[in-house]
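Enquirer: here are the coordinates; sequence isn't available:
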């Protein structure tokens, strides 16, 4: 692909809070670009991008779906991402490989919790963004307030390029600030046709002020443009070019508005994607790592060796296991062999396709800038694919750990193997979904990001794999830690198959904020490194089961203080066992504690029910963080332990006569109070094991 062809590509994602209208907007993009000839509807289950049965039934996006459209000679590869917090891993892996994003905000809700989450995910990957304020036709729509929220809550610099004409039931069209005219959309053509007219007199003052603000914001991006601005010679075409520079550099965020369901403003949104979001060739080189640990810059060109990242794995009923690829450099043909740098093995790239939701088009080859899918047997999300002659590893993708689990079993014992295969396949697809075994009961546990996540998993097992299952009640995935510093030693002496094995380690553990950190002896230069690494393996291999209830360890720092050598019997096996033994002793002395997932709970309720809602939050061990009036309703932000939120949806409906709504997302792990810990352990039937604790 030449640079000129690469310049015609846009790889973008659609991201937002649940119910902000992402999929509806994407469906309009497909319609106006000619990919589909009938508008899909989320509420009626006819949306092309929400193709899973679970999506159609619930009216939400669960899996990110890819498609490609053509607009004014440009190829736009689009990924429609979920808005529900339980499926945030889908957003994470999409943003990792995208070049730009459209952030959609509800004109009534503004910056909602998941909007904030995905925005900061995009910050982490330096993804340029434009914003679209949707649902301007809803009662309570407030375009200026949404701009203020983007500025204050997201730390961005929103620059309106479109103004609404009216709001709520009075919303009738938009004003193009750069071109200086009003646009009205024809209902009979479902918005495909629109007319250009004079700006209404009552909006001319607002337009004049907004134009001055836009011109000034654009001029601030370039010294030469600033001179033209002050002399009055800054043209609209120059402003468009400056907006592109500012958007790609992240200095500004162009903001448009409309109503996707009423077919207003979508064509201008597609123009903005082409005009202001970057092509692959405009972005900096990606960084890869060689085997020796050194870094390597990989230019986004087709005439250098092939490099691609696997960002999603999906089981396709017709093609089998499909790996979604983002190609960063080079070119590769269907059927060629590539190197998986994680396994070190070659794989054949078969069935190369471009996806359109759950449909596909065959491709002969892919090259730098492309997003495609291919049949690959032994890949997982985050794998780097290259040529064998050019091994390099790209930065992988980090996913959040599960916070909830349920037991699952087949209704028929003859389906046990089928259930194992189904769970293995789903775990390969979804990095935020894990499978484990309860050591005491022997039950299979499935772990995920929330009730809906696990409900969808169980539903897919029954529909897609034909296994009828029974599930238990949802349980919280607690973590274990310590509350004070402690030291402990471990010594291992044993003869195994006639050979002596010895290991000795003295460890110190102390509380930390999160994770498990191992620190080697900084002062002892004479102790062999491979034995120190064996102690570390013993320690890290033991963090899956804490001393209180067998939950994974979290929030501890482990220091290796001393280690003894034996004249003849020192072995890696001995030191690994010694490390595990020393850790167990440390944990017993460190006064073990439980840590529980705490959720950020955002509630929107009528002002008349605020007292009842706050009282209920307090009864759930929650803490009110902030309250904010939003017209006739109150926005309440709280932190509540996940264990107290099962069934909260029904409780909130009952408290407010169905007039309140809420969303929640994982916030952090926090210490469980001693009296609550005692109750939990008693419920698990294991508190008696810890008398005196």
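Expert: Here it is on my side, so go on. Only a predicted model underlies this, so the values are computations on that prediction, with no experimental measurement involved. Numbers count the residues shown, from 1 in each chain.
Enquirer: and the longest strand belonging to the chain, which strands flank it?
Expert: As assigned by DSSP state E, the longest strand anywhere in the chain is strand 592-606. Sheet pairing of strand 592-606 (DSSP bridges) gives strand 479-482 (antiparallel), strand 633-641 (antiparallel), strand 661-671 (antiparallel).
Enquirer: any idea which helix or strand comes after the second one?
Expert: Downstream of strand 633-641, the next assigned helix or strand under DSSP states H and E is helix 648-656.
Enquirer: Please apply the same query to the longest one.
Expert: Scanning forward in sequence from strand 661-671 by DSSP H and E, the next helix or strand is helix 674-683.
Enquirer: buried ones in that following helix?
Expert: By neighbour count on 16 or more other CB atoms under 10 Å, the buried set for helix 674-683 is 677, 680-681. Using the backbone N, CA and C atoms, a C-beta is placed for each residue, glycine as well.
Enquirer: Same list as before, those residues that is, but in TSV and with distance to residue 354 included.
Expert: Listed next are those as TSV, based on distance: CB to CB, whole Å:
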residue	distance to residue 354
677	53
680	50
681	54
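Enquirer: nearest to residue 584, of those residues?
Expert: Of all these, residue 584 sits closest to residue 681, with 18.3 Å by CB to CB.
Enquirer: Would you mind measuring from that closest one to residue 472?
Expert: Distance check for residue 681 against residue 472: by CB to CB, to the nearest Å, it reads 19 Å.
Enquirer: for residue 365, phi and psi?
Expert: Main-chain torsions, residue 365, degrees, to the nearest 10: phi -160, psi 170.
Enquirer: What is the neighbour count of the residue nearest to it when sequence neighbours are not counted?
Expert: Spatial nearest neighbour of residue 365, excluding adjacent residues (CB to CB, 6 or more residues apart in numbering): residue 333 at 4.5 Å. When neighbours are counted by other CB atoms under 10 Å, residue 333 registers 13.
Enquirer: isn't residue 333 right next to residue 372, touching?
Expert: No: the pair residue 333 / residue 372 is not scored as a contact, 12.0 Å apart, by CB atoms under 8 Å.
Enquirer: Identify the contacts common to the two.
Expert: Taking CB atoms under 8 Å, 6 or more residues apart in numbering as the contact criterion, the common neighbours of residue 333 and residue 372 are residue 352.
Enquirer: residues of stretch 536-545 that come out buried?
Expert: Buried residues in stretch 536-545 (16+ other CB under 10 Å): 536-540, 542-543.
Enquirer: Let me know the closest of those to residue 504.
Expert: Using CB to CB, the buried residues of stretch 536-545 come closest to residue 504 at residue 538, 11.9 Å.
Enquirer: thought the closest one was touching residue 574?
Expert: No: between residue 538 and residue 574 there is no contact under CB under 8 Å: 9.6 Å.
Enquirer: Neighbours of residue 172, how many?
Expert: 17.
Enquirer: OK, contacts around it?
Expert: Applying CB under 8 Å, 6+ apart to residue 172 gives the contacts 165-166, 184.
Enquirer: Reformat those residues into a markdown table and put neighbour count next to each item.
Expert: Converted to a markdown table, the contacts of residue 172 look like this (neighbours: other CB atoms under 10 Å):
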| residue | neighbour count |
| --- | --- |
| 165 | 20 |
| 166 | 15 |
| 184 | 15 |
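Enquirer: can you put those residues in TSV and add distance to residue 424, secondary structure and pLDDT?
Expert: Output for the contacts of residue 172, formatted as TSV (distance: CB to CB, whole Å; DSSP: H, G, I helix; E, B strand; the rest coil; pLDDT from 0 to 100):
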residue	distance to residue 424	secondary structure	pLDDT
165	54	strand	96
166	54	coil	94
184	55	strand	96
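Enquirer: Can you give me every residue that contacts residue 94?
Expert: 13, 15, 64, 79, 81, 311-312.
Enquirer: Now do stretch 294-314: distance from first to last residue.
Expert: 32 Å (CA to CA, to the nearest Å).
Enquirer: Distance from that stretch to the middle of the chain?
Expert: 21 Å (CA atoms, centre = their mean, to the nearest Å).
Enquirer: hang on, the earlier thing: closest to residue 68 among the buried residues of helix 674-683?
Expert: Nearest to residue 68 among the buried residues of helix 674-683, with distances taken as CB to CB, is residue 680, at 50.4 Å.
Enquirer: Chain neighbours aside, what residue packs nearest to that closest one?
Expert: In space, residue 680 comes closest to residue 594 once its chain neighbours are excluded; the distance is 6.7 Å by CB to CB, 6+ apart.
Enquirer: longest single helix anywhere in this protein?
Expert: Determined from DSSP state H, the single longest helix within the chain is helix 572-589.
Enquirer: So which bits of it are buried?
Expert: By 16+ other CB under 10 Å, the buried positions in helix 572-589 come out as 572-587.
Enquirer: so how far is it off the chain centroid?
Expert: Here helix 572-589 shows a centroid-to-chain-centroid distance of 36 Å under the convention CA atoms, centre = their mean.
Enquirer: who does that helix touch, helix- and strand-wise?
Expert: Helix 572-589 sits against strand 486-496, strand 499-511, helix 529-540, strand 556-562, with contacts defined as 3 or more CB pairs under 8 Å, 6 or more residues apart in numbering; DSSP states H and E.
Enquirer: which of these is buried the deepest?
Expert: strand 499-511 (a mean of 21; mean count of other CB atoms under 10 Å).
Enquirer: ok and that strand relative to strand 592-606, angle-wise?
Expert: Put simply, strand 499-511 runs at 40 degrees to strand 592-606, going by axes from the mean of the first three to the mean of the last three CA atoms, to 10 degrees.
Enquirer: list the helices and strands strand 499-511 packs on?
Expert: Secondary elements touching strand 499-511 (3+ CB pairs under 8 Å, 6+ apart): strand 479-482, strand 486-496, helix 529-540, strand 556-562, helix 572-589.
Enquirer: just the strands in the stretch 51-200 of the chain please.
Expert: Applying DSSP state E, counting those that start in this stretch to the stretch 51-200 of the chain gives strands spanning 65-71, 74-80, 100-106, 129-134, 158-160, 162-165, 173-176, 181-185, 194-197.
Enquirer: most packed of those?
Expert: Buried most deeply of the strands of the stretch 51-200 of the chain, by mean count of other CB under 10 Å, is strand 129-134, with a mean of 28.
Enquirer: Excluding residues flanking it in the chain, which one is nearest residue 616?
Expert: residue 655 (6.0 Å).
Enquirer: For the one you found, which residues are in contact?
Expert: 609, 612-613, 616.
Enquirer: Let's see which of the residues you listed end up in strands.
Expert: Among the contacts of residue 655, no member lies in strands (by DSSP E).
Enquirer: now that we have those, which one has the most neighbours?
Expert: Counting neighbours by other CB under 10 Å, residue 613 leads the contacts of residue 655 with 22 neighbours.
Enquirer: Outside of stretch 176-190 itself, list whatever touches it.
Expert: 31, 39, 160-163, 165, 172-175, 191-200, 203, 207, 210-211, 214, 236, 239-240, 262-265, 268.
Enquirer: Can you give the distance of that stretch from its chain's centre?
Expert: Centroid separation for stretch 176-190 versus its chain: 35 Å, with CA atoms, centre = their mean.
Enquirer: helices and strands of the protein: which one has the lowest mean pLDDT?
Expert: helix 53-58 (a mean of 54; mean pLDDT, DSSP states H and E).
Enquirer: and the residue nearest to residue 680, how many neighbours does it have?
Expert: For residue 594, using other CB under 10 Å, the count is 24.
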